[in-house]
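[1] Here is the input, now give the coordinates:
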Amino acid sequence: MNSKCGYCSRVILTNSHCSNCGFPYCNSDCQTNDWGFHKKYCASKTLPEPFTTKDMKFSDFEVVKQIGEGNFTVIKKVEHKRTSKIFALKIIDKVKVTRLHKEGDVLAEKHSLMKLEDCHGVVKIFGTFKEDNLLYILQEYIPGTELWYHCQYFGLCSDLLCRYYMYQVLTAIAQMHALDIVHRDIKPENIMLTNGGNRVKFVDLGSSQDLAKPEVRPKITSKLKGRVYEHFVGTPQYMAPECANNKSSGKACDIWSAGCLLYQLYVGWTPFIGATEYLIFQKSLKGEFEFPDTVPSDIQKMIREMVQLDPTARPSIESLLKSSVFDSVKNRKIKPKLPLSDLALISIKDWYIKNAGVLRVRSENHEKARRDIDKLLEEVIKSSMMDEDQKNQVKRRLELFKKQLNSLLTDEEFTL
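    Have a look, this model is predicted:
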């Protein structure tokens, strides 16, 4: 069977590949265009033998910069001195872990990453080592940005991009579920866009559970009431009702969370929002939400199927991947070419997000920003570059834009 180019997905008719690791390409042009991503992949596949974290020390690395921080972790981009390879090194403070009762998170993440080491939709782990009160997890370094950065407030502003990224997210979830790993905290902050925005990868599995080996994660007992919180896990805006009620956290909870994520890719907000976690749960436990008319009908149908109160009624990950919803993006290796209207909206959205801090300072800035949207609406109406159907689509999207912009500038709760 003919292989496909790792960059453009065309069938390779000649024996062309990366001479270092064997990755398939049509020609040198495709390899050059993909090099920003591939050089990291290539390096990870061609580590000198033996390469092991046994007897490894922090002093074996040169710190390039800090790239992340959590309640008990710091993540640094590092260069291994002996091999000159670039990695991400997660540094875990064991004292803080014990104080916060997060031993289960650390054990579960290490276990899940090791089990998923061959899944291309999940960050790769190379091993662990420890010194004094610190534990180190050595992972592949993923250049790129969080999906959250691109979908916050306004969504992705492109139907094609939403379908493209969601299909990749579901594919990664399918890889995890096939190995009985449930992520349990699916949200855009835990997903990276890499390779020039062409691929997605999950980067945080601290809340994950191995259904085949539940003993890996110790149960958490509340000191106040002695209650075991085995399933109350995740982020409120994406947490399934059965998790919020501490009843179960199986594969169906990932389907609910993915449905909330799909909604956010289109709308910029999750289906259930509120000023406090209590108010969010009050809404999500009812399962009632609405859509703006900018969300396509087939996407609305899929989200309603995924975000159902009854976990047994939600579709399987396999049926979602087979859905005709993704026919236009299945098996693509690079982003689809976007229409001019999408590119214009994305450009506007990115500008507002980048300048949000400046715009928020003075109320007159708010009014000017809203007037700018109205001017854009006028320009769309006069435009000769779009037909009437395209104009109507952009006009509806800009009307929603104004509501999203108001929440960006004022931090008020988003309402349709």
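[2] quick one, domains of this structure?
    Split into domains by automatic domain parsing, the chain comes to 1-45, 58-140, 145-326, 340-410.
[3] Can you convert those into JSON lines and add a column each for mean pLDDT?
    What follows is those, written out as JSON lines (pLDDT from 0 to 100):
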{"stretch": "domain 1-45", "mean pLDDT": "61"}
{"stretch": "domain 58-140", "mean pLDDT": "93"}
{"stretch": "domain 145-326", "mean pLDDT": "93"}
{"stretch": "domain 340-410", "mean pLDDT": "83"}
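[4] so which of the ones you listed is the most packed in?
    domain 145-326 (a mean of 19; mean count of other CB atoms under 10 Å). (Glycine included, C-beta is placed from N, CA and C.)
[5] How far away from the center of its chain is that one?
    Domain 145-326 has its C-alpha centroid displaced from the chain centroid by 10 Å (CA atoms, centre = their mean, to the nearest Å).
[6] what's the straight distance from one end of it to the other?
    24 Å (CA to CA, to the nearest Å).
[7] Please tabulate the domains of the chain in TSV, including the columns distance to residue 334.
    Putting the domains of the chain into TSV (distance: least, CB to CB, whole Å) gives the following:
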stretch	distance to residue 334
domain 1-45	7
domain 58-140	15
domain 145-326	5
domain 340-410	16
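[8] which stretch among those domains comes nearest residue 333?
    Among the domains of the chain, the nearest to residue 333 by CB to CB is domain 1-45 (4.5 Å).
[9] now for the strand or helix carrying residue 351, which elements pack on it?
    Counting by DSSP states H and E, the element that carries residue 351 is helix 340-354. Packed against helix 340-354 by the contact rule (3 or more CB pairs under 8 Å, 6 or more residues apart in numbering; DSSP states H and E) you find helix 159-178, helix 388-410.
[10] Assign a three-state SS to residue 62, would you?
    Here residue 62 is strand, with the state taken from DSSP: H, G, I helix; E, B strand; the rest coil.
[11] What sits closest to it if chain neighbours are left out?
    residue 79 (4.6 Å; CB to CB, 6 or more residues apart in numbering).
[12] how about residue 364, secondary structure?
    Going by three-state DSSP: residue 364 is helix.
[13] in the stretch 151-300 of the chain, which spans are helices?
    Using DSSP state H, counting those that start in this stretch, the helices of the stretch 151-300 of the chain run over 159-178, 241-244, 251-267, 277-284, 297-306.
[14] coming back round to it: what sits against the residue nearest to residue 62?
    61-62, 64, 85-87 (CB atoms under 8 Å, 6 or more residues apart in numbering).
[15] And these, which is closest to residue 338?
    residue 86 (30.9 Å).
[16] So the closest one is in contact with residue 76, correct?
    No. Look at residue 86 against residue 76 with CB atoms under 8 Å: they stay out of range, at 11.1 Å.
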